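> here is a sequence together with a model predicted from it:
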Amino acid sequence: MRKFNRKFSDFRKGLFRGILLFAVIFVVSCKTTQTRQDKEAASESKAQQNNVTADGFILLPSGLKYKITKKASGIQPKTGDKVEVHYTGKLTNDTIFDSSYKRGQPLPFYIGKGMVIKGWEEGIALLHEGEKATFIIPPEIGYGSRQMGKIPSNAMLIFDVELMKVTPKVTPVSFDTKGKDTIKTPSGLKYIIVKEGTGRVPFAGANVTVHYTGYFQDGKMFDSSVERGQPFTFPVGKGKVIKGWDEAFTILKVGTKARLLIPWHLGYGESGAGKLIPPRTNLVFDVELLEYN
């Protein structure tokens, strides 16, 4: 029994030493990780400080100069996110050439979609929701040699901006049509009801509001109102959309989710749609009929 107690006591001492050793290793590891993170943050901060100009702006490799004039702790936009930005644009002589404040409406656009000049793409992505900043944008990442209204060619631009809102990108989810019937109409349109709505079928000429995601037959997405967070409204049966859509939305009930299989002759036909849709291309749309009036 004494031998057992001695062995048990030795075991407990060994266990304690093992736990103590693990704790020491864990603490040292945490300190090392934290130290590395602190060094990286300090290095980044130092790099930015080294690029701070005499007037307090941070100069980036692209040539963009920016200065945060009001800090905020909102979310930072990522590629694909929708942002709404208030701004005043000036030339270096303080001439104002544009202002969203005067219009009372911030400018909406999507980060990384090429909808604004490169200086804005880079600068707005650095801000957090609620922040204000001043950008100084050289022509290389502005309008270049183009003359844009009041903006002369090769102009240096100054923008006072305010990031009003960030709406994170929504990734559309393809409808699950497994085991569901495919219905074909005389025109060649095919559709699959994923969820049957309980509303009425729109009449010709009604303004219908829909959410949609468009795919090529290989599954590659080419457009989506869901991703933009903005449904699409149009008068059905008036030739404002492709023929397959005009037909489909006089068949579906409000509240219905359906997949539309549209042959090329009911889509964009022989010519296609610019660089987006090639000629004679069959298309797939996942749609939801939200309402009509």
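That came through fine.

> any regions of the protein where pLDDT drops low?
Within the chain, the stretches with pLDDT under 70 are 1-50.

> in it, what residue spans correspond to helices?
Per DSSP state H, the chain carries helices over the ranges 2-50, 100-103, 118-124, 225-228, 243-248.

> show me what the last one is packed up against.
In this case it means helix 243-248. Applying 3 or more Cβ pairs under 8 Å, 6 or more residues apart in numbering; DSSP states H and E, one finds that helix 243-248 contacts strand 257-262, strand 283-292. Using the backbone N, CA and C atoms, a C-beta is placed for each residue, glycine as well.

> neighbours of Ile183, just the number please.
For Ile183, the count of nearby residues is 13 (other Cβ atoms under 10 Å).

> the closest residue to it other than its chain neighbours pairs with what?
Distance criterion Cβ to Cβ, 6 or more residues apart in numbering; nearest residue to Ile183, sequence neighbours excluded, is Tyr191 at 5.6 Å. Beta-bridge partners recorded for Tyr191 (DSSP bridges): Ile183, Leu260.

> Tyr191 contacts Thr256, correct?
No: under the contact definition of Cβ atoms under 8 Å, Tyr191 does not touch Thr256, with a separation of 9.6 Å.

> which parts of the stretch 101-250 of the chain are strands?
For the stretch 101-250 of the chain, the strands defined by DSSP state E, counting those that start in this stretch cover 107-110, 132-137, 157-167, 183-184, 190-195, 207-216, 221-224, 232-235.

> tell me which of those strands approaches Asp81 most closely.
Nearest to Asp81 among these is strand 157-167; the distance by Cβ to Cβ comes to 5.7 Å.

> in that closest one, what's buried?
Buried residues in strand 157-167, counted by 16 or more other Cβ atoms under 10 Å: Leu157, Ile158, Phe159, Asp160, Val161, Glu162, Leu163, Met164, Val166, Thr167.

> and the closest residue to the first one other than its chain neighbours, what is it in contact with?
This points to Leu157. Distances taken as Cβ to Cβ, 6+ apart put Ile137 closest to Leu157, at 4.5 Å, once the chain neighbours are dropped. Taking Cβ atoms under 8 Å, 6 or more residues apart in numbering as the contact definition, Ile137 lies against Gly63, Leu64, Ile117, Gly119, Trp120, Gly123, Met156, Leu157, Ile158, Phe159.

> now, which of the buried residues of strand 157-167 sits nearest Trp264?
Once Cβ to Cβ is applied, the member of the buried residues of strand 157-167 that ends up nearest Trp264 is Thr167, at 33.9 Å.

> pretty sure that closest one is touching Asp81, no?
Yes: Thr167 is within contact range of Asp81, at 6.4 Å (criterion: Cβ under 8 Å).

> what's the most distant pair in the buried residues of strand 157-167?
Ile158 and Thr167 (27.0 Å).

> tell me the contacts of Thr171?
Contacts here follow Cβ under 8 Å, 6+ apart; on that basis Thr171 touches Glu227.

> what about it, distance to Thr79?
Using Cβ to Cβ, to the nearest Å, Thr171 is found at 12 Å from Thr79.

> could you do Thr233 as well?
Distance from Thr233 to Thr79, by Cβ to Cβ: 27 Å.

> start and end of stretch 225-232, how far apart?
One end of stretch 225-232 sits 7 Å from the other (Cα to Cα, to the nearest Å).

> touching that stretch from outside, list them.
Against stretch 225-232 from outside (Cβ under 8 Å, 6+ apart): 80, 82, 110, 167, 169-172, 209-213, 290.

> out of the residues you listed, who's nearest Phe57?
Nearest to Phe57 out of the contacts of stretch 225-232 is Tyr110 (Cβ to Cβ; 26.4 Å).

> okay, and the beta partners of the closest one?
Lys82.

> in contact with it, which residues?
The contact partners of Tyr110, taken as Cβ under 8 Å, 6+ apart, are Gly80, Asp81, Lys82, Val83, Arg228.

> so how many other residues sit close to Trp67?
For residue 67 the amino acid is Lys, not Trp. Per other Cβ under 10 Å, the neighbour tally for Lys67 reads 15.

> what sits closest to it if chain neighbours are left out?
Phe57 (4.7 Å).

> please report how far the one you found lies from Glu227.
The gap separating Phe57 from Glu227 is 34 Å, by Cβ to Cβ.

> repeat for Lys67
Going from Lys67 to Glu227 by Cβ to Cβ gives 33 Å.

> Lys257 now?
For Lys257, the distance to Glu227 - Cβ to Cβ - is 17 Å.
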